[in-house]
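# 3D, please:
(one chain, ligands or ions: 1)
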Amino acid sequence: MDTAALKETWALAEGLGDEVPLFFYSHLFLSHPDLRSLFPVSMATQRDRLVGALGRIVSGVDQLDDVAEFIQQLGRDHRRFEVIAAHYSAVGASLLATLKHFLGERWTDEVAADWAGAYGLIATVMVEAAEASERTSPASWAGHVTAVERRGLDIAVIQVRPEPELSFVPGQSVAVEVPSRPRLWRYLSPANAPRSDGTIEFHVQMVPGGQVSSTIVRSLEVGETVRLGAPVGQELTLDQLERERDLVMVAGGTGLAPLRAHLERIDQDWQSTGKAPQVHLFHGARLPGSLYENRLFQNLAGRPWFTYTPVVSDDPSYPGRQGLVGDVAADSGALRGRLALVCGSPEMVRHTVSRLRAGGIAQTDVRFEQFATLDDDSHAMHRHTHDPQPSRLPQSEEGDHA
Ligand code: HEM
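This next block holds a predicted model:
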């Protein structure tokens, strides 16, 4: 297989912009009208999440060994879209037809055979992983909304009870779909440590123009049922050894959620064993009203292992620390040797990560995830690194994941 030709031809197609997904979806829905209902109502090409990823992943087939785990997870994750094995040939045929249409003379028999072969390899890994997971987990979970608490004008804290039980670890994210916005999935992070009653808390901040976030913050009610996908993500999870390390946590807005889940777990461990690593949490918000967990953390600051620094950027009358949360964290000293967990908007993450590195934290000790600030349907609300090689560098916010 000529993998260089795959990459080269994909680069050519990608360079043509929106025309490519437009052709792909038209081809797919004309040849298989039954697949239309798997996708969101609005299919503006700038919100394409499938075609770009498809081209990148298939043309990167030479790295399959390195990214096999990611591809398997993607295959399992496609069960929540109600994708079944039989759909793969339809998508493969539309992908090849699209490339043929745009590549002209560059689309030779050899190139066509290589694309078909590469797609087949990736599709097989996805289908096999999806089928294997059918024995152990549902395609999606029903999330019964048991509480909705609005904090300030634009933040909601919601509790859901998944059915069946959904196991996750602090730092992971879960895709969420609300009933009035079918097929528009958004990643949210559980903000709690796993509980005996199985309930999960999510924090949602309304994003201007964001259909899903505004629906959740404005009108989601107790008694409704959302759908939940399988927990994903490793960037902000901690393994056994890492759990013993001292931490610096830097959150922007509701990027606090996965860090709060760790704090809850650390506090539970501390209460039962008396042991905990040192943790310094910096929570940044534009306005003081968005420091929506202030009271909880002021109370927790009585723990010998916990330090809390709220930071406000856009209110000169705020009596506490002012500025950008990344600057305040980086200037706080005592960073060396700590593991940093960062979560917030892309700009906040980019700035904080570079400041922490400049402040002496080793590159490999800075973990981050970002959520989108533009929830215009083209972005996950909680951006998840759905990229075959999740990088530890902030990525541009051009649509996925995460
Ligand atoms: C090699 C095969 C495939 C790859 C690499 C692939 C990759 C992806 C990726 C990376 C996403 C974004 C995931 C996310 O937002 O969390 C996605 C979304 C999606 N994929 Fe696939 N996919 C493949 C096959 C298929 C097939 C066969 C179907 C069946 C129709 C399908 C239907 C979808 C749907 C409905 C979405 C969500 C689209 C949206 O939100 O606009 N995919 N795919």
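# At which residues are the strands of the protein located?
141-151, 155-163, 174-177, 186-188, 200-205, 225-228, 247-252, 279-285, 306-312, 321-322, 339-344, 366-370 (DSSP state E).
# Run through the residues of the protein sitting next to the ligand.
35, 38-40, 49-50, 53-54, 57, 74, 78, 81, 83, 87-88, 91, 119, 122-123, 126, 386, 400-401 (C-beta under 6 Å from any ligand atom). In short, each C-beta sits where N, CA and C put it, glycine included.
# Mind checking which of those are buried?
Among the residues of the chain next to the ligand, those buried by neighbour count (16 or more other C-beta atoms under 10 Å) are 35, 39-40, 49-50, 53-54, 57, 74, 78, 81, 83, 87-88, 91, 119, 122-123, 126, 386, 400-401.
# thinking again about what came up before, which stretch in the strands of the chain has the least confidence?
Among the strands of the chain, strand 366-370 carries the lowest mean pLDDT, at a mean of 90.
# Adjacent strands (with direction) for that strand?
Paired neighbours of strand 366-370 in the sheet (DSSP bridges): strand 339-344 (parallel).
# so how far is the partner strand from its chain's centroid?
14 Å (C-alpha atoms, centre = their mean, to the nearest Å).
# Now do it and strand 279-285, the angle between them.
Per axes from the mean of the first three to the mean of the last three C-alpha atoms, to 10 degrees, the angle that strand 339-344 makes with strand 279-285 is 20 degrees.
# Mind listing residues that contact strand 339-344?
171, 189, 236, 238, 242, 245-253, 255-259, 262, 284, 325, 349, 352-353, 356, 361, 365-371 (C-beta atoms under 8 Å, 6 or more residues apart in numbering).
# Any of these buried? List them.
171, 189, 236, 238, 247-253, 255-259, 262, 284, 325, 349, 352-353, 356, 361, 365-371.
# Got phi/psi on the residue nearest to A175 when sequence neighbours are not counted?
Nearest non-adjacent residue to A175, counting by C-beta to C-beta, 6 or more residues apart in numbering: G229, 3.5 Å away. Torsion angles at G229 (phi, psi; degrees, to the nearest 10) stand at phi -90, psi 180.
# do P40 as well
Here is the backbone geometry of P40 (degrees, to the nearest 10): phi -60, psi 160.
# how about the closest residue to it other than its chain neighbours, what does it touch?
Spatial nearest neighbour of P40, excluding adjacent residues (C-beta to C-beta, 6+ apart): R183 at 4.1 Å. Taking C-beta under 8 Å, 6+ apart, we find R183 in contact with 38-41, 81, 177.
# Pull the most distant pair out of those residues.
Within these, V41 and F81 form the most distant pair, 14.4 Å apart (C-beta to C-beta).
# Can you point out the buried residues in the lengthiest helix in the chain?
As assigned by DSSP state H, the longest helix anywhere in the chain is helix 109-133. Residues 111, 114-115, 118-119, 122-123, 125-127, 129-130, 133 are the ones in helix 109-133 that count as buried (16+ other C-beta under 10 Å).
# Tabulate the strands of the chain in TSV, adding columns for distance to R106.
Formatted as TSV, the strands of the chain follow (distance: least, C-beta to C-beta, whole Å):
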stretch	distance to R106
strand 141-151	45
strand 155-163	48
strand 174-177	36
strand 186-188	36
strand 200-205	45
strand 225-228	42
strand 247-252	44
strand 279-285	48
strand 306-312	52
strand 321-322	56
strand 339-344	42
strand 366-370	36
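# Relative to N294, which of these is closest?
Closest among the strands of the chain, once you apply C-beta to C-beta, is strand 306-312, at 6.2 Å.
# Just the residues contacting that closest one, thanks.
Outside strand 306-312, the residues touching it (C-beta under 8 Å, 6+ apart) are 263, 267, 276, 278-288, 291, 294, 297-298, 300-301, 318, 320-325, 328-329, 332.
# Appreciated, that's everything.
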